[in-house]
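here is a sequence with its predicted model. Questions after.
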Amino acid sequence: MTPEQVAAASKPFVLELGETFTRCPGTLRRARLLGISGWSFYITGRAGALGDVRAPTVAAALGFIAPDAVADGWDAAARVIRPLEVAAANLAECCRWGDEHLAALPGARRLGALLTRVVGAADASGMPLFAAWRAMPVPKDSPGARAAAGLLLREHFAGAYLMAVRAGGMTPLEAVLAGPEGEAGALACGWPPPYPRVGPLVRRRLWAEAVTDRLASAGFRALAPGEGAELLDLLAATRAQVQGRPTQRDPDRPGPR
């Protein structure tokens, strides 16, 4: 498999597993212990690695979530706790989730090692949020924690897709509307109706998806021949393991993105 093919095939696994972690009941409890809502924890937990920046900067980095929705979560959390502290708590919860849900997998150590290599070799140019996360120290070195922390590669995919969308002449809202969830996805991301028509944008979105795979492929070039297929097998096994565990939707969060 080529690095682009591995990037394309691994993307849905990484995005889905990363989203599963954010909906873990333990993760949601941490938000309440910090004194903030689940939505504030989601926004600040993702973007807090950027430090004490203003909400418009966060909205620009996240891209696909409406600026007003970003500001609601970010500013509410900032009145209670520093963003970097929320990011650190988010990473700690990620590692805890990995220990609880991934450590029992026979390939957890290998999965963590492969993801760590991909993350380390990825090109962070134009992706400040991914770069900020990569610079944060992982608080635990257990196999499950390392595997879960490697799933933060999702911020690399998200950053690459945002760059591809803008290069394709679409706005983030248009990209969401042209996606599989359509208007429901836009509403979940905090974008209020009415929405523009998206018919002619579907082809641009498919082009952006292909460019995303090309941009993300740099990190996967760090894998030796055969390791790309091995990584995909490990990700598939991990998803199968996690799918049997219940997740919880937080009413404070409009939805995934």
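That came through, no problem.

number of residues surrounding Trp207?
Neighbourhood size, Trp207 [other CB atoms under 10 Å]: 16. In short, each C-beta sits where N, CA and C put it, glycine included.

please, which helix or strand holds it?
Assessed by DSSP states H and E, Trp207 sits inside helix 202-220.

any low-confidence regions in the stretch 151-257 of the chain?
Applying pLDDT under 70 to the stretch 151-257 of the chain picks out residues 244-257.

and the helices in it, which stretches?
154-167, 172-177, 182-188, 202-220, 227-243 (DSSP state H, counting those that start in this stretch).

count of residues packed around the residue lying closest to His101 once chain neighbours are set aside?
Spatial nearest neighbour of His101, chain neighbours left out: Val242 (5.8 Å); criterion: CB to CB, 6 or more residues apart in numbering. Neighbour count for Val242, taken as other CB under 10 Å: 18.

residues near Arg29, how many?
When neighbours are defined as other CB under 10 Å, Arg29 has 13 of them.

now for the helix or strand it falls within, which elements pack on it?
Arg29 belongs to helix 25-34 when elements are defined using DSSP H and E. With contacts taken as 3 or more CB pairs under 8 Å, 6 or more residues apart in numbering; DSSP states H and E, helix 25-34 sits against helix 38-47, helix 83-101.

for it, which positions count as buried?
Buried positions in helix 25-34, judged by neighbour count with 16 or more other CB atoms under 10 Å: 27-28, 30-31, 34.

tabulate those (a markdown table), appending pLDDT.
Formatted as a markdown table, those follow (pLDDT from 0 to 100):
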| residue | pLDDT |
| --- | --- |
| Thr27 | 85 |
| Leu28 | 86 |
| Arg30 | 92 |
| Ala31 | 92 |
| Leu34 | 96 |
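
ok, so of those residues, who is nearest Ala104?
Ala104 lies nearest to Thr27 out of the buried residues of helix 25-34, by CB to CB, at 19.0 Å.
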